[in-house]
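Trainee: Just a sequence and a predicted model for now, questions to come.
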Amino acid sequence: MGTADGGLYFSDIMGADKTFRLDGSGKITLYRSGTNGTNGLALMRDGSLIGAEGNGKRINKAGPSGATTLTEGVAGKGLMAPNDLIVG
């Protein structure tokens, strides 16, 4: 997911369970660890990052102060193992 400064966010869900940020100069930094298999990232206008938590079976919103759950499903039907999302 690209940023205004030319950077991007990416997930490592195979073992590392982390989200990283690659800045415009090519430097990689850890954005979040212990992500419960977060994948399918979407960067919001406020700078927060929405992610599909495959192992956590929910959609989260992560920012500088941590992550919060946005949804675990609707009408009593939980999410199975989300791995992607679209934000409109």
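Mentor: Nice, thanks for sending it over.

Trainee: Where do the strands of the protein begin and end?
Mentor: With DSSP state E as the definition, the chain shows strands at residue ranges 8-12, 18-22, 28-33, 38-43, 49-53, 58-63, 66-71, 73-74, 77-78.

Trainee: buried stuff in the third one?
Mentor: This points to strand 28-33. Neighbour-count burial for strand 28-33, with 16 or more other CB atoms under 10 Å as criterion, is recorded at Tyr31, Arg32. Just so you know, the C-beta spots here come from the backbone N, C-alpha and C atoms, and that holds for glycine as well.

Trainee: Grab the CA positions of it and hand them over as CSV.
Mentor: Extracted as CSV, the C-alpha positions of strand 28-33 are listed here (Å, rounded to 0.1, in the frame of the first residue of the first chain):
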residue,chain,number,x,y,z
ILE,A,28,12.7,-0.7,5.8
THR,A,29,11.3,-0.3,9.3
LEU,A,30,9.0,-2.4,11.5
TYR,A,31,5.5,-0.9,11.7
ARG,A,32,3.8,-3.5,13.8
SER,A,33,4.5,-7.0,15.1
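
Trainee: Isn't Asn39 up against Asn83?
Mentor: Yes. The pair Asn39 and Asn83 qualifies as a contact (CB atoms under 8 Å) at a distance of 5.0 Å.

Trainee: Who has more neighbours out of those two?
Mentor: More crowded of Asn39 and Asn83, by other CB atoms under 10 Å: Asn39, with 20 against 14.
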